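S.K.: coords please:
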Amino acid sequence: IDGVIQGSLAKPGNFPFSASLSHVVNGHECGGAIISERHVLTAGHCVHDVYEWDYVIKVGVTDLSDISAEQYMVKEFHPHPEYVPETYKTEQGQSDAQCERVMDVPMKNDIAIVE
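M.R.: Residues are numbered from 1 along each chain as shown. This is a model prediction of the structure:
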């Protein structure tokens with residue numbers, strides 16, 4: 001996909017709660033939402049059967065090609081204990097939201113927690 005039809009570029013600070021789960025070699029793989037100073041919520045299929053050390057979390061940017069983006073190593077993934085990879089849902093049919101813990105870092109002005 002080349003882009004969003006009739007969309008517009010986001011300005012810095014428009015989405016301070018957004019994050020990117022990025023592979024250290026291949027780049028952006030999934031979006032996420034900052035839910036605490038140490039946690040990002042993303043889809044379970046994004047973190048299933050992968051290694052934490054292969055990923056970083058990029059925050060505070062609206063352009064994923066921006067090489068000056070703040071990025072943090074993923075400390076650990078916390079998949080839902082009942083997540084079923086084949087269905088992208090839990091055993092009770094809930095969505096596949098998962099949590100990642102990033103390194104302990106102070107939050108900057110353009111980054112916000114989702115409440």
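S.K.: Can you classify residue 45 by secondary structure?
M.R.: helix (DSSP: H, G, I helix; E, B strand; the rest coil).
S.K.: For residue 30, see how far away it is.
M.R.: Applying C-beta to C-beta, to the nearest Å, the value for residue 45 to residue 30 is 8 Å. Every residue, glycine included, has its C-beta placed from N, CA and C.
S.K.: which of these two has more neighbours?
M.R.: Just comparing residue 45 and residue 30: by other C-beta atoms under 10 Å the higher neighbour count belongs to residue 30, 18 against 14.
S.K.: and that one, that one's in a strand?
M.R.: Yes: counting by three-state DSSP, residue 30 is found in a strand.
S.K.: how about the nearest residue to it, chain neighbours excluded?
M.R.: Nearest residue to residue 30, sequence neighbours excluded (C-beta to C-beta, 6 or more residues apart in numbering): residue 46, at 3.6 Å.
S.K.: State the pLDDT value of the one you found.
M.R.: Residue 46 carries a pLDDT value of 86.
S.K.: Next: residue 19.
M.R.: So, for residue 19, pLDDT stands at 90.
S.K.: That one looks like it's in a strand, true?
M.R.: Yes: assessed with three-state DSSP, residue 19 lies in a strand.
S.K.: Spatially central residue in the protein, please.
M.R.: Among the residues of the chain, residue 32 comes closest to the average C-alpha position under C-alpha atoms, centre = their mean, at 3.1 Å.
S.K.: hmm, back to that, isn't the residue nearest to residue 30 right next to residue 21, touching?
M.R.: Yes: between residue 46 and residue 21 there is a contact at 5.7 Å, judged by C-beta atoms under 8 Å.
S.K.: Mind jotting down where the strands sit in the protein?
M.R.: Secondary structure of the chain (DSSP state E): strands at 18-23, 27-36, 39-43, 55-59, 70-78, 83-84, 89-90, 97-102.
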